[in-house]
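Enquirer: predicted structure and sequence below. I'll ask about it afterward.
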Amino acid sequence: MAQKVRIIGVPMDLGQSRRGVDMGPSALRGAGLQARIKQLGHTVEDIGNLEVKQPEEMQIGEKRAKYLQEITETCKDLATTVEKSLGEGFLPLVLGGDHSIAAGVAAGVSSHFRKEKKQIGYLWLDAHGDMNTPDSSPSGNVHGMPLAAIMGYGAPELVDLLGFRPKAEPSNIVIVGARDLDAQERKIVKKSGIHVFTMRDIDERGMREVMSDALKYAMDDTAGIAVSLDMDFVDPSDAPGVGTPVRGGVTYREAHLAMEMIADSEAMVSLEVVEINPIIDEHNRTALLGVELVLSALGKKIL
């Protein structure tokens, strides 16, 4: 089914300590993103990059949530852009940057559907839980906090973006591919009621069964699903150029199956691809894979 897709670049690397993910949007564009989406028959428009402050010019601010002010400003900007895109009939395809941008995407998508008194589901494809708060974060890096903010925990600046919280109900939020959660995140999982499918679940049950459950939870009584793809979801052997790689991730084929099943559901209302770091990549492999996975999520099939 032909869609209108709007590409929004967010070259943000304030949310983490290793530089380079700000070049993620360029790497994805350089891998032929726009032309390849057009080949699928979709209409594509690329509005370029949102403005993001450079860390060199900024004060770190609060040590427990570094650059929180600047990150919040960008997320607010992004939320408005995403909401406007949906209002104009586009599917927002957001290119990160680090994962802190997800708080902005979630606010925009959620706000759009709230006008129709509808909820959204969230699919979080990631090695990490990203459910830290300024009080619990060992590093103070905000890219470890966006999912907590979406659920209503953490820094009020991020939690209350666009003036409401939470952005999605915990029962409609699903993490797939988790393999690196810390103690605080385990607590939030148990307390909040979100669904987490770890790598062990994928090993034991297979990606097809896991994704079928994940989609069921995310789609339950919601208007659609916002999809957040952190490229460290995929094993570093296939996606070496990521912000925080963790061994033992999903395989190339499993990643494609996950995205193909998202496309089959016809429920995706936004997609973000984050944490690609070209500085530590090999010949842009991670961005090339990122483009392939986007295509699968937009309906590309083998046959």
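Expert: Nice, thanks for sending it over. Residues are numbered from 1 along each chain as shown.
Enquirer: which parts of the stretch 101-250 of the chain are helices?
Expert: Applying DSSP state H, counting those that start in this stretch to the stretch 101-250 of the chain gives helices spanning 102-114, 146-151, 156-159, 183-192, 199-205, 207-219.
Enquirer: mind checking which of these is nearest residue 228?
Expert: Closest approach to residue 228 among the helices of the stretch 101-250 of the chain (CB to CB): helix 102-114, 5.1 Å. For glycine as for every other residue, the C-beta is placed from the backbone atoms N, C-alpha and C.
Enquirer: single out the most deeply packed of the helices of the stretch 101-250 of the chain.
Expert: Across the helices of the stretch 101-250 of the chain, averaging neighbours per residue (mean count of other CB atoms under 10 Å) puts helix 146-151 on top, at a mean of 29.
Enquirer: which residues touch it?
Expert: 99-103, 106, 122, 124, 129-133, 154-155, 158-159, 161, 166-168, 170, 173, 175, 188, 192, 194 (CB atoms under 8 Å, 6 or more residues apart in numbering).
Enquirer: among those, which ones are in strands?
Expert: The members of the contacts of helix 146-151 that map onto strands under DSSP state E are 122, 124, 173, 175.
Enquirer: against residue 86, how distant is the third one?
Expert: Distance check for residue 173 against residue 86: by CB to CB, to the nearest Å, it reads 19 Å.
Enquirer: of the two, which one has the most company?
Expert: Higher neighbour count among residue 173 and residue 86: residue 173, with 27 against 21, using other CB atoms under 10 Å.
Enquirer: quick one, what contacts the more buried one?
Expert: By CB under 8 Å, 6+ apart, the neighbours of residue 173 are 121-122, 124, 147, 150-151, 194-195, 218.
Enquirer: partner residues bridging it?
Expert: Going by DSSP bridges, residue 173 is paired in beta bridges with residue 122.
Enquirer: and the lengthiest helix in the chain, what's buried?
Expert: Longest helix in the chain by number of residues, with DSSP state H as the criterion: helix 68-87. Across helix 68-87, burial judged by 16 or more other CB atoms under 10 Å covers 68, 70-83, 85-86.
Enquirer: now residue 135. Nearest residue, chain neighbours left out?
Expert: Among residues not flanking residue 135 along the chain, residue 64 sits closest, at 7.0 Å (CB to CB, 6 or more residues apart in numbering).
Enquirer: can you tell me the helix or strand for that neighbour?
Expert: Counting by DSSP states H and E, there is no helix or strand that carries residue 64.
Enquirer: tell me the centre residue of the chain?
Expert: Closest to where the C-alpha atoms of the chain average out (CA atoms, centre = their mean) is residue 228, at 2.6 Å.
Enquirer: could you pull up the residues touching it?
Expert: Going by CB under 8 Å, 6+ apart, residue 228 touches 99, 102, 105, 122-126, 272, 274.
Enquirer: that one pairs with what?
Expert: When assigned by DSSP bridges, residue 228 has beta-bridge partners residue 124, residue 272.
Enquirer: before we move on, the earlier item: burial count for the residue nearest to residue 135?
Expert: Using other CB under 10 Å, the number of residues around residue 64 comes to 17.
Enquirer: same deal with residue 155?
Expert: Counted with other CB under 10 Å, residues neighbouring residue 155 total 21.
Enquirer: measure it to residue 175 for me?
Expert: Separation of residue 155 from residue 175 (CB to CB) stands at 20 Å.
Enquirer: what does the helix or strand of the chain with the lowest mean pLDDT contact?
Expert: When the helices and strands of the chain are scored by mean pLDDT, DSSP states H and E, helix 183-192 comes last with a mean of 92. Identification of contacts with helix 183-192 by CB under 8 Å, 6+ apart yields 129, 131-133, 136, 148, 151, 153, 170, 181, 194, 196.
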